Structure formats: C-alpha cells, structure tokens
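Peer 1: Coordinates only, no sequence provided:
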Ligand code: CA
C-alpha cells in the first residue's frame, strides 16, 4: 500500500456500523481512522490529519453537529470535507438549516456504493493527487494518473519518493510541511526514517526540478520545514 494513501476519519458510535465502514473504505484503498465519539474524533483530527471525515449525527455527549462545527471553526481543519450521516431526512434538513458547514449529507440507511462515491468526490477536492487528477503549479504539471511530471513542457525524471513529495507539495501550495509531516505522508507512519532523509530527497527533488533551468520553487522555512512557493 502506498504511503500517501488518503485517510478517512469515521466517527460513529455503533461498533458494527463503524466496522462496516472501515471494511468498505479499506477495500477502496483508504487508510481508516475510527472514533466512537465526538471527543475522541476531535483528538484524532490532529493526530491523523484525515483527508475526508464521515461523521454520524447521533453520537453520545458531543453531537455530530457540534463536532462538525468545531472542525469548521479550527483553521487547520476547516478545509477538511465532512460528510454527515443521519437517520432521517428531516435531520438532514436541520443540518442544512443549522449551517454547520458540512460539505455533504447522507441519509441512513445509505447505500455503501453511494457513500463511497461521495467520499471519493470529496477527496477529489481535498487530495487531488491521491484521486488521480492533474495538478498545476506555475510551469510544473503533475499528472497523478500517469505519474508524469513536466516543467515548461519538458518531461522530468523523478524517483518515486520525489514524485510523492512533489504531489504532496502541489496539493497544498504555500503550506509549510515539517519534516515529520512529510515523513508521515510520503514514507508512511509505520516506517522509521531519520528526518535527515527528508532533506536528502528534497535535495534530489530540487535538482530534478531544475534540470532544464527555471527557479527553485521550493522554499526552506528555517526551523519549520519546506513549502512550495
Ligand atoms: Ca450513532
């Protein structure tokens, strides 16, 4: 499995439903983080950095609506798409009316196929490279489906790690990534790699991007990490 596998956070208090979602999302190639209540979900948000959140409305204590509100209030999670699940369509109407900021709504019992399609639709927004789309930044074009990268029309040769690094940067231009965040995203969470390895591969990526000239689009942010642009 690739390290840049997109992560879906499932928030559902009913264990059987949570496992059905986990099973089906994993079968679609997602990494799944699962929380049984809202408090746990809010903690996992920071640890897991999900790309899409599937959030049940009916949760003990903190309701799905309140969790959604908090997700959409925090600057660092505001952009993460939230799909709310609800048992009744009247509830969906209320969610809409409450302006919780949810990005999509699905009524239970839902068709798994439909829910998977909606998760993928949200992913195309939050993780375009992981969804196999084409990304552009300045004169650089990255085609996530064919794994080709061109700069000013000329094809660049990138190793697999440099390709994943570049797609991570191109999905969120301007975002400063720490070395640890890049390790998690590009190498995977379960692999121990020294953070200096990141610097080595950033060096290779810079060299590959500059092989036909053009400025260095990568920025070293002292004490913080790296950013594109
Ligand atoms: Ca529930």
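Peer 2: Great, that's in hand. Given the structure is predicted, the values throughout are model-derived calculations rather than measurements.
Peer 1: only C-alpha atoms for contact and neighbour calcs from this point on.
Peer 2: Noted.
Peer 1: Quick check: chain neighbours aside, which residue is closest to the residue of the chain found nearest the ion?
Peer 2: The ion sits closest to residue 58 of the chain, with a gap of 4.2 Å, by Cα to the ion. Leaving aside its chain neighbours, residue 58 sits nearest to residue 64 (6.2 Å; criterion: Cα to Cα, 6 or more residues apart in numbering).
Peer 1: neighbours of that neighbour, just the number please.
Peer 2: 26 (other Cα atoms under 10 Å).
Peer 1: quick check, stretch 21-39 touching the ion?
Peer 2: No. Figure legend: stretch 21-39 not in contact with the ion (Cα under 5 Å from the ion); closest approach 8.8 Å.
Peer 1: Between the two ends of that stretch, how far is it?
Peer 2: Between the opening and closing residues of stretch 21-39 lies a distance of 20 Å (Cα to Cα, to the nearest Å).
Peer 1: which residues sit against it?
Peer 2: For stretch 21-39, the external contacting residues (Cα atoms under 8 Å, 6 or more residues apart in numbering) are 5-15, 18, 41, 44, 48, 50, 59-64, 67, 112, 116.
Peer 1: what comes up buried for that stretch?
Peer 2: Residues of stretch 21-39 classed as buried by neighbour count (16 or more other Cα atoms under 10 Å): 21-22, 24-25, 30-38.
Peer 1: cool, stretch 172-186 as well?
Peer 2: Applying 16+ other Cα under 10 Å to stretch 172-186 flags 172, 176-186 as buried.
Peer 1: And residue 1, what's its pLDDT?
Peer 2: At residue 1, the pLDDT value in this model is 38.
Peer 1: cool, residue 191 as well?
Peer 2: Residue 191 is assigned a pLDDT of 79 by the prediction.
Peer 1: and whichever strand or helix holds residue 199, what's its mean pLDDT?
Peer 2: Using DSSP states H and E, residue 199 maps to helix 195-209. What helix 195-209 shows for mean pLDDT is 96.
Peer 1: what about residue 108, distance to residue 115?
Peer 2: For residue 108, the distance to residue 115 - Cα to Cα - is 10 Å.
Peer 1: So for these two, which sits in the more crowded spot?
Peer 2: When residue 108 and residue 115 are compared for neighbours, residue 115 comes out ahead with 20 against 12, by other Cα under 10 Å.
Peer 1: Please report the distance of that one from residue 206.
Peer 2: Residue 115 is 40 Å from residue 206, by Cα to Cα.
Peer 1: Quick one: residues contacting residue 170.
Peer 2: If you count contacts by Cα under 8 Å, 6+ apart, residue 170 has them with 135-137, 228.
Peer 1: what do you get if the cut-off is 7 Å, keeping everything else the same?
Peer 2: Contacts for residue 170 (Cα atoms under 7 Å, 6 or more residues apart in numbering) come out as 135, 137.
Peer 1: Please apply the same query to residue 16.
Peer 2: Contacts of residue 16 by Cα under 7 Å, 6+ apart: none found.
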